[in-house]
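Participant: take a look and give me a structure for this.
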Amino acid sequence: MPDFQVAFECKSFEELDQLALLARQDYNLGGAGDWFGEFRGGLYGFYARLYGVSFHDAQAHAWLPRPRAPTETEFHLAALFFCMDSALECFTFALNALGYAAYASGFRDVTDERAQRRIKPLDVTGEASRSSGVAPVPGYAKVFPGVQQYWQAQSVLISSIRELHDVSKHRRTIYTGGQARMDPPEGFYEALGVPSDSVQRALFRPMAEILLKPDPKAPSVSRKLKPRQELELLERLVPQFAGFMEKTGELALRDSGSTIPQNERQFRTP
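Facilitator: Below is the predicted model:
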């Protein structure tokens, strides 16, 4: 029986946290502006969002001792895409703080509330497709070049996540159908006293395959129909996002190790 439980590998992020803590020491970069508090706040917010992705993905697919409804699936999707999009925001916030410690003029000022409100993933990638163009914040090319290049190469994935979040948050549903699970745990219906009538049992089936709306921001009248095999599946997108974040952590750690200046590369012993 599939468990529909996405796993996020956080080892690189934990090592990045230790690198930042070492940089925070007074014999290295110090703590001016409490940049380390901003970094760790962003990182821990990021961890919470990854937990949310795992939780809502599992709940959308779980066998539960009660009937399931499409509105419940839509609720989990809206929460899940909030967590995915917010994970990108929180990690950008953490990177900005670490970059600021090393190269303050190249990042948004962590001591300025207005500057902090402007921190966003487009700071990393830029966006040439907009009519006016959005340039990356300059420090990323210097301090996090690997992360920047990777995020730019994954712009389609990032845009899909952000669009699905925007639509689910403010506009309408993003789930168009799919397939229900047909693999109840042994004795599931019997324990609940649900008879073998297929109509009643169908009410308890969670989703096995969730189809997401293509071009979610387009008006329905102008949205082109796509063959089913070309539609985006949640069960494909979530593992793709997990792999994307794992690679991001590896690159952020590698970049930081080579670009963050430190006088001492080990913690002093008491």
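
Participant: going forward, measure contacts and count neighbours with C-alpha atoms only.
Facilitator: Fine.

Participant: quick check: the residue most central in space within the chain vs F91, distance?
Facilitator: If you average the C-alpha coordinates of the chain and look for the closest C-alpha using Cα atoms, centre = their mean, you land on M84, 2.9 Å from that point. Relative to F91, M84 is positioned 11 Å away (Cα to Cα, to the nearest Å).

Participant: ok, Q262 next?
Facilitator: Applying Cα to Cα, one obtains 22 Å for the distance of Q262 from F91.

Participant: next one: the residue nearest to the centre of the chain from S168, what distance?
Facilitator: For M84 relative to S168 (Cα to Cα), the value is 13 Å.

Participant: ranges for the helices of the chain?
Facilitator: Taking DSSP state H as the criterion, the chain carries its helices at 11-24, 35-61, 70-102, 113-117, 122-125, 139-143, 145-153, 155-170, 188-192, 198-202, 234-259.

Participant: and these: which comes nearest F4?
Facilitator: Relative to F4, the nearest member of these by Cα to Cα is helix 35-61, separated by 5.7 Å.

Participant: local confidence estimate at A48?
Facilitator: The predicted structure scores A48 at 98 on the pLDDT scale.

Participant: equivalent analysis for the one 3 residues further on, please.
Facilitator: Here the pLDDT value assigned to Y51 is 97.

Participant: repeat for P227
Facilitator: On pLDDT, P227 comes in at 63.

Participant: do you know how far A135 is from D183?
Facilitator: With the distance defined as Cα to Cα, A135 ends up 49 Å from D183.

Participant: what do you get for H61?
Facilitator: With distances taken as Cα to Cα, H61 is found 11 Å from D183.
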